[in-house]
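Undergrad: When you get a sec, could you give me coordinates for this:
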Amino acid sequence: MLRSLAVTLAGLLAVAPAAAQNAVRIGLSAPLTGPDAVFGQGLRQGAEQAVADLNRAAGGRPRWVLVPADDAGDPKQAAAVARKFSADGVRLVIGPFESGAVAAAAPVYEDAGAVTVTTGATYTPLTSRGLWNLFRLAPSDAQQGRAAAAYLARAYAGRRVGILNDRSTFGRGLADAVSARLKESGAPEVLFDGFARGTRDLSDLVGRLKAARLDAIYFGGLAPEAVALLRAMREAGLGAALVASDGILDPSFPAAAGVAAEGTVMTLLPDPPRLPDPRGGKPVPRSPEAETVAAGSYAAVELLARATEQARAADPKTGRISEGRKVAEILRGPQPVRTVLGPVSFDARGDRTGNAVALRIWRRSPDGRIDYAGNDIEP
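TA: Down below sits the predicted model:
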């Protein structure tokens, strides 16, 4: 079904002008290759299905056309995609997916008058730069940090909490957000430290952690460093609980950490809805990673399409949008837009309002696996 749909969409660009002139183009900047390709393919599948459903609702006429482009999750390539879309007159864009790629591409889109909706970028400052054209569906690092801090303040009230990070922009941003919120609650951390990604010997750091007599540790970073930290802590006899973000959401975490992963608490997005199979088509096979992002890209298409229609921003004869500010004004307006994710609205910065963050704990399942699925805990 997806292959035939891709052929159909590609064919729309080559058919007689009268059939394609009024089609509105929506660009997709996604990591279709590279380390995040499993997510990129899910983003493409969700967006393709949304475009097909919108065209079906319009009587089958090609009202919308998806224009996918591979940015490989790389900032330079994402900026190149942005320049290509801008030169081609694409003024509605989904993506990029990664924070670094968004930071590189967003100013290009702003200058071109294009509206962008990112489904995955979480770096907090992205939406505090005053860009009129950028909207974010995922919770920011600050929102995840606030949720983690609220949990620590409640679960470890009166006890000793430390904060670590992997010294990356991502990890430090999370750690700073947790620290700020703990200070606001009147229970600041007793230790704030970090170690570089790839560090093998953590004995000195663990020595400081033991000396601080910590009951819980928040870690801002990714799975490999979380594994190294947990192993070093447990080997040294330090039983402090670990709290982290969805940066550790990787198959390598339970596989490499083993029993040390048990009891780790993680903040993450609530489970997204699974997209129904296309009407009249065969079921679409999607990997677990693709399934987590497909609904977001579907919703991004809905947001851009419905805001475009409401703003009457597209030229009915050519389908072109000369300037995206009308679309952005609708997205920032008081009325939420109906999507597969439910009603979606944005604040003045472009962050989704009412974004929820879930907390789950990694536990051993009856079949012996260490998993987080279904293990919700109170925020």
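Undergrad: Strands along the stretch 151-300 of the chain, start to end?
TA: Along the stretch 151-300 of the chain, the stretches classed as strands by DSSP state E, counting those that start in this stretch are 161-165, 191-194, 216-220, 241-244, 265-268.
Undergrad: Can you list phi and psi of Ile198 for me?
TA: You called it Ile, but residue 198 is Gly. Phi and psi for Gly198, reported as degrees, to the nearest 10, are phi 90, psi 0.
Undergrad: What of Ala121?
TA: In terms of degrees, to the nearest 10, the main-chain angles of Ala121 are phi -70, psi 130.
Undergrad: list the contacts for the residue nearest the centre of the chain?
TA: Taking CA atoms, centre = their mean, the centroid of the chain lies closest to Gly120, which sits 1.8 Å from it. If a contact means CB atoms under 8 Å, 6 or more residues apart in numbering, then Gly120 has Phe39, Phe97, Glu98, Ala138, Val293, Gly296 as its contacts. Bear in mind the C-beta positions are built from the backbone N, C-alpha and C, glycine included.
Undergrad: excluding its backbone neighbours, what's nearest the first one?
TA: Counting by CB to CB, 6 or more residues apart in numbering, Val293 is the residue found nearest to Phe39 once chain neighbours are left out, at 5.2 Å.
Undergrad: Next, count neighbours for that neighbour.
TA: By other CB atoms under 10 Å, the residues close to Val293 number 27.
Undergrad: and if you look at Arg167?
TA: Close neighbours of Arg167, defined as other CB under 10 Å, add up to 17.
Undergrad: Looking at per-residue confidence, what score does it get?
TA: At Arg167, the predicted lDDT confidence score is 92.
Undergrad: Identify all residues paired with the closest residue in space to it that isn't next to it in sequence through a beta bridge.
TA: Nearest non-adjacent residue to Arg167, counting by CB to CB, 6+ apart: Gly194, 4.7 Å away. The bridge-partner assignment for Gly194, based on DSSP bridges, gives Asn165.
Undergrad: among the strands of the stretch 151-300 of the chain, which gets the worst mean confidence?
TA: When the strands of the stretch 151-300 of the chain are compared on average pLDDT, strand 265-268 comes out lowest at a mean of 93.
Undergrad: strand partners of it, parallel vs antiparallel please.
TA: strand 241-244 (parallel), strand 358-361 (antiparallel).
Undergrad: Deepest-packed of those strands, please.
TA: Taking mean count of other CB atoms under 10 Å as the contact definition, the stretch among these with the greatest mean neighbour count is strand 241-244, which reaches a mean of 24.
Undergrad: what residues does that strand touch?
TA: 148, 151-152, 156, 215-221, 226, 229-230, 233, 263-267.
Undergrad: Mind jotting down where the helices sit in the protein?
TA: Per DSSP state H, the chain carries helices over the ranges 2-12, 17-20, 37-57, 75-87, 99-112, 141-155, 169-184, 203-211, 223-235, 252-257, 288-311, 325-331.
Undergrad: and Val337, which of these is closest to it?
TA: Nearest to Val337 among these is helix 288-311 (5.3 Å), distances taken as CB to CB.
Undergrad: what about Arg129, neighbour count?
TA: 13.
Undergrad: List the contacts of it.
TA: Contacts of Arg129 were listed using CB under 8 Å, 6+ apart, and they are Ala106.
Undergrad: Backbone dihedrals for it, please?
TA: The main-chain torsion angles of Arg129 are listed as degrees, to the nearest 10 and equal phi -100, psi 0.
Undergrad: per-residue confidence for it?
TA: If you check Arg129, the pLDDT there is 87.
Undergrad: Quick check: the gap between it and Arg234.
TA: Note on Arg129: its distance to Arg234, by CB to CB, to the nearest Å, is 41 Å.
Undergrad: Put together JSON lines for the strands paired with strand 265-268, with distance to Ile377 on each row.
TA: Listed next are these as JSON lines, based on distance: least, CB to CB, whole Å:
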{"stretch": "strand 241-244", "distance to Ile377": "11"}
{"stretch": "strand 358-361", "distance to Ile377": "5"}
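Undergrad: got JSON lines for the strands of the stretch 151-300 of the chain, with distance to Arg369 too?
TA: What follows is the strands of the stretch 151-300 of the chain, written out as JSON lines (distance: least, CB to CB, whole Å):
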{"stretch": "strand 161-165", "distance to Arg369": "27"}
{"stretch": "strand 191-194", "distance to Arg369": "31"}
{"stretch": "strand 216-220", "distance to Arg369": "22"}
{"stretch": "strand 241-244", "distance to Arg369": "19"}
{"stretch": "strand 265-268", "distance to Arg369": "16"}
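Undergrad: and of those, who's closest to Gln49?
TA: strand 265-268 (23.8 Å).
Undergrad: need the contact list for the residue lying closest to Asp176 once chain neighbours are set aside.
TA: Taking CB to CB, 6+ apart as the measure, Asp176 lies nearest to Gly145, with 7.5 Å between them; neighbours along the chain are not counted. Neighbour list for Gly145: Gly173, Leu174, Ala175, Asp176, Ala177, Val178, Ala180, Arg181, Gly220, Ser245 [criterion: CB under 8 Å, 6+ apart].
Undergrad: got it, and Ser185?
TA: Contacts of Ser185 (CB under 8 Å, 6+ apart): Ala149, Ala150, Ala153.
Undergrad: how close does the residue nearest to Asp376 when sequence neighbours are not counted get to Ala241?
TA: In space, and not counting its chain neighbours, Asp376 is closest to Arg360: 5.7 Å by CB to CB, 6+ apart. The spacing between Arg360 and Ala241, counted by CB to CB, is 14 Å.
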